[in-house]
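okay, here's the prediction I keep looking at, along with the sequence it came from:
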Amino acid sequence: MGGTKTDRAYIRRAIEAADLNAVRLALYQNTGDPDLARLPPAAQLDDGQREWLIEQAISWLEENAGPRSLPEPPEAELRQLMNLATGEEMGDLEFEARREQAAFRKYPFLVDWDGEAPRIPDGFEVAIIGSGFSGIVMAVQCELLGVPYYVLERQAEFGGTWNINRYPDVRVDTISSTYELSFEKSYRWSEYFARGEEVRSYLDHVARKFGVRDNTRFSHDLKRATFDEDRDLWRLEVDTPDGPQTLEAKIVVSATGLFANPKRIELEGDDAFEGRIVHPARWPEDLSLEGKRVAIIGNGSTGIQMVGKIAEDAEQTYVFQRTPQWIMPREKYGLPVEPEVHWLMDNFPGYWNWSRYMAGAPLFDTHALVTTDRDWQAEGGKVNPGSDALRKDLTEYIKKETGGRQDLIDRLVPDYAPFSRRPVVDNGWYRALTRDDVELVTDPIARLTETGIETADGTVREVDVIVTATGFEVVKYLHPARFMGRGGTDIHEAWEAADGPRAWIGMMVPRFPNFFMLYGPNSQPVSSGPSQATWFTVWSAFIGRCLKRMLTEGASRIEVTQSAYDSYNEALDEEATKLVMMTREGGIEKNYYVNNEHGRVQVNAPWYGPVFQRMFSEVDWDALELTAKREDAARS
Ligand code: NAP
C-alpha cells in the first residue's frame, strides 16, 4: 500500500465527506458484495445503513486502497450499477445515452477508427474556430482520428467564455466535475464549484496534454469564410498579428459558443455619465470597487453571481432588477474539496467514475419540469406536479434567505414557472439584499444623470460604477464573422430572410457544405441529459463520424439536404409547443432562450435529452449528401 493513507480516522473523514452513492457503487464494483446492492440510494439510507456502508468502505480501503483504475464492467454489470446509482431501472434509450458517463473507457463518447485508418488525402484539414470547451473537444476528436486540424482563437489564451468573463467571483454553478471532459480523468478541482481562473487553467492543461496547444493559433480572428465550390474547401480570411491572411480548410467547425458577444444596453444619458460603465465580459483589470457606489443592472446568472462579492467591497450597492428570477441553492457552493476526498479520488478505484456519474444524475430527469402537463393544468395546477412543487420550495427558500422581509419577498417571487429560463444559482444574493448597504431597486430605469441613475419615480441614486450584467447577443450566431456558402449565400442574410437562425440538429445548414456548428441554433438541450461538457463531446463525436465517413468513402463534400433541414425544423417547432417557456406560464416575452422577434425557441433543443443525444450517435445518413469531387470521382 505504498504511498497511501491507512489511518482509519483519515479514511473515515474521506468517506464521510464523499458522495455515498459513489462510495457504494465503487465498493460494489470492487467487491460484488450483494448486501451493498440491497441498500437504497444514499438519500434514503437510515443511520444504521449509513454507518454500515461507511464501515465497509473503511475496512476495504484499509486493505486495498491504491492508485488503480477499473476497466469498464461488462454491459449487464454496468447497467446494474447504473440502475443502483439512481435507484430506478432505466430503459434502453437512457442506458445508451448514459453508459459512457462513468467514463471508464479512455475516450468516452468520442469516435476512433474501428480498423486501420484510411489514408488522409492531402489538403484534408479541419479548421476549428474558437478554443473554449467545445473547440478543444473537437480538436481532441481530430487528434484521435489523426485528421490534421488547426484552431483559430481570437484571444491570446484558451477558454472562450471562461477567458473573457473575469468579473468578481466568477465560477461554475454546477459542480466542478460536471465540467470535466471525460477523457481527462480525476482532475484535482480545488473547489466544489471552481472559480473561473481554475476553469481556464483546466482548459489550458487539457489543451497541452492532448496536443491541441501545438495546433492553436492565438490572436487569429476569423473575419470571413467562403466556400470554394471548384475546390470543395473553405477560404478563411483571418486577422493575425502579422496582418490579414487567407487560410484554407476542407472542413470548418465553428466552436464560437453562445456567449461571445456581450449585449450592451443603451440608456438615455449614458454619454453624459461621468462614472464607469462596464460589462462583466469586459471587466477592466484595474477596476477596484473598494469604497465605491456600484449599480448592477441585470440579474441573470452573471449579475446574481457577483453581488455578494461586490457588496463586500463597495460602499453602497444598488441591485436593479427588471424581472425576478428563480434562484436555487447549491450544496457545497464556495467550499474547497477536502484533501481526504482528493485522496479518495486517487486511491479508491471506481470512486472518481461514480462520483462523476452521480454529479450528472440530477440532470437525468428534468424533462418533466420543462413541459406542461395539460391534465394537471385542467385540475387547476400551474404547470405540472414537479414544477409546482419546486416553485413552492423555492418560494420558501426566498422567505428564509431574506429573513421573512415582506418588502423584498413581494418583489422577488417570480410569476412564471421555474426552469422556463436558465436556472440561476444563489451565491449569497438574497442574503446580500438584506444588508444595510445594499438596495434592491425595481422601479424601471429612466435615464442616467452625470453622476447617477434616475428611476421612473424620479429618484436619483448616485453611483461611481454601473455594471451592465445584461447578458449576450445569443441570437447572433457566428457573428461577427461572415460565412458565404454555395452560390454566394450569406448565412446571416439567409437566416434573416426566414425566421432567424436555424440548423439541422443544431449543426448543419443547406448550401453550407463541410461546415458544422458546435452550440449552433437550437442545440442547448432543454433537459434530461448529461452535463454541457459531455454534450460538447457528443457533438464533436458526430462530426468525427462525418469525417470518418467522408474519408472512407473518398467524399469531398458533406451537406445536409434541404428536405431534411425543413422537416427537422418543422418537427422541432411542433415539439417546442410543449415547452413551458413558450407559454404565458413561462414568461415567454423575456427570455434569452426565445427569439422574441420571431416568437420561437432559439437556443434550446426541445427534445427529451436521450432522444436528442441519439441523433448524434446514430447518424441519419439519409439526411446528408456526400459527394466526391468531380475529378476525384473520375479518377476512381
Ligand atoms: P442573461 O441571463 O441574459 O441575463 C441578463 C439580465 O440582464 C437579465 O436580468 C435581464 O433582465 C437584464 N437585462 C437585459 N437587458 C436589459 C435592459 N435593457 N434593461 C434592464 N435589464 C436588462 O445573461 P447572463 O446573466 O450573463 O447569463 C447568460 C448565461 O451565461 C447564463 O444563462 C448561463 O448559461 C451563463 N452563465 C453561467 C455562469 C456559470 O456557470 N457560473 C455564470 C454566468 C453566466 P430580464 O430578465 O428582464 O430580461
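Nice, thanks for sending it over.

what's next to the helix or strand hosting Ala22, contact-wise?
Under the criterion DSSP states H and E, the helix or strand holding Ala22 is helix 20-31. Here helix 20-31 makes contact (CB atoms under 8 Å, 6 or more residues apart in numbering) with 15, 33, 36-37, 39, 41-42, 45, 50, 53-54, 56-57, 60, 64, 70, 73, 77, 81, 84-85, 348-351, 353-355, 357-358. Placement of C-beta: from N, CA and C, glycine included.

next secondary structure after it?
helix 34-38.

tell me the mean pLDDT for that next one?
For helix 34-38, mean pLDDT is 97.

now swap in stretch 158-173 and tell me
pLDDT averaged over stretch 158-173 gives 96.

returning to what we had before: dump the helix holding Ala22 to PDB, restricted to CA.
Extracted in PDB, the C-alpha atoms of helix 20-31 (Å, rounded to 0.1, in the frame of the first residue of the first chain):
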ATOM      1  CA  LEU A  20     -22.000   8.000  -0.500                       C
ATOM      2  CA  ASN A  21     -23.800   6.800  -3.600                       C
ATOM      3  CA  ALA A  22     -20.400   6.800  -5.400                       C
ATOM      4  CA  VAL A  23     -18.800   5.000  -2.500                       C
ATOM      5  CA  ARG A  24     -21.400   2.300  -2.600                       C
ATOM      6  CA  LEU A  25     -21.100   1.800  -6.300                       C
ATOM      7  CA  ALA A  26     -17.300   1.700  -6.300                       C
ATOM      8  CA  LEU A  27     -17.300  -0.700  -3.400                       C
ATOM      9  CA  TYR A  28     -19.900  -2.900  -5.000                       C
ATOM     10  CA  GLN A  29     -17.900  -2.900  -8.300                       C
ATOM     11  CA  ASN A  30     -14.800  -3.900  -6.400                       C
ATOM     12  CA  THR A  31     -16.300  -6.500  -4.100                       C
END
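
thinking again about what came up before, now which of the contacts of helix 20-31 would you call buried?
Buried members of the contacts of helix 20-31, counted by 16 or more other CB atoms under 10 Å: 15, 36, 39, 41-42, 45, 53-54, 56-57, 60, 64, 70, 73, 81, 84-85, 348-351, 353-355, 357-358.

sec struct for Gly380, please.
Under the three-state scheme (DSSP: H, G, I helix; E, B strand; the rest coil), Gly380 adopts coil.

low-confidence ranges, the chain, go.
Where the chain drops to pLDDT under 70, the residues are 1-6, 528, 588-589, 630-636.

what parts of it come near the ligand?
Within reach of the ligand by CB under 6 Å from any ligand atom, the chain has these residues: 171-173, 259, 265, 297-303, 305, 322-323, 422, 469-472, 590, 592.

that older thread, narrow the buried ones among the contacts of helix 20-31 to those in helices?
Counting by DSSP state H, the buried ones among the contacts of helix 20-31 place 15, 36, 53-54, 56-57, 60, 64, 81, 84-85, 351, 353-355, 357-358 in helices.

nearest residue to Met508 other than its sequence neighbours?
In this structure, Met508 finds its nearest non-sequential neighbour in Val560, 4.1 Å apart by CB to CB, 6 or more residues apart in numbering.

please give me every residue in contact with that neighbour.
504, 508-510, 623-625.

mind putting those residues into a markdown table with secondary structure and distance to Trp607?
Listed next are those as a markdown table, based on DSSP: H, G, I helix; E, B strand; the rest coil; distance: CB to CB, whole Å:
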| residue | secondary structure | distance to Trp607 |
| --- | --- | --- |
| Trp504 | strand | 13 |
| Met508 | strand | 17 |
| Val509 | coil | 19 |
| Pro510 | coil | 21 |
| Ala623 | helix | 16 |
| Leu624 | strand | 19 |
| Glu625 | strand | 24 |
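
Phe259 belongs to a helix?
No - applying three-state DSSP, one finds Phe259 to be coil, outside a helix.

who's the residue nearest to Met508 bridged to?
Leu624 (DSSP bridges).

give me the nearest residue to the residue of the stretch 351-500 of the chain found nearest the ligand, chain neighbours excluded.
Among the residues of the stretch 351-500 of the chain, Gly471 lies closest to the ligand, at 2.6 Å counting by CB to the nearest ligand atom. Using CB to CB, 6+ apart and skipping the chain neighbours, the partner closest in space to Gly471 is Lys263 (4.8 Å).

quick check, that neighbour in contact with Lys476.
No - Lys263 is beyond contact range of Lys476, at 9.3 Å (criterion: CB atoms under 8 Å).
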